[in-house]
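[1] Need a 3D model of the following:
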Amino acid sequence: MKWFLPVVAMLLLSACSLQADKIYTVDEFMADDALLVKIIGECRNNPGELRDTPNCLNAEAADGKLRLERMGKSLGG
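    The predicted structure follows:
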């Protein structure tokens, strides 16, 4: 019975905590153009707060990779 109250308290506290945004990988951004455009837009509109977040960094990396792929295809590669 001693463990019951602490466990209930932990469950209640974890239920009240803020949900963190999902962190997307570079591959997920490359596969979903709409998501990439949305996140890059948010990051560029608020660089002071969002510039160093994982989603912004991954979105910028995915954007760079996609640009290189498009350049390679346009040059016949």
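[2] So what touches the helix or strand hosting residue 57?
    Using DSSP states H and E, residue 57 sits within helix 54-74. Helix 54-74 has contacts (Cβ atoms under 8 Å, 6 or more residues apart in numbering) with 21, 23-27, 29-30, 36, 39-40, 42-43, 50. For every residue, glycine as well, the C-beta is placed using N, CA and C.
[3] Just name the lowest-scoring one in those, pLDDT-wise.
    When the contacts of helix 54-74 are sorted by pLDDT, the bottom entry is residue 21 at 81.
[4] For residue 34, see how far away the closest residue to that residue other than its chain neighbours is.
    Excluding its sequence neighbours, the residue lying closest to residue 21 (Cβ to Cβ, 6 or more residues apart in numbering) is residue 55, at 6.7 Å. To residue 34, residue 55 is 14 Å away according to Cβ to Cβ, to the nearest Å.
[5] Check residue 58 too.
    Counting by Cβ to Cβ, the gap between residue 58 and residue 34 amounts to 16 Å.
[6] Have a look at residue 55 and residue 34 and say which one is more surrounded.
    Neighbour count, other Cβ atoms under 10 Å: between residue 55 and residue 34, residue 55 has more, with 20 against 7.
[7] Many thanks, we can stop here.
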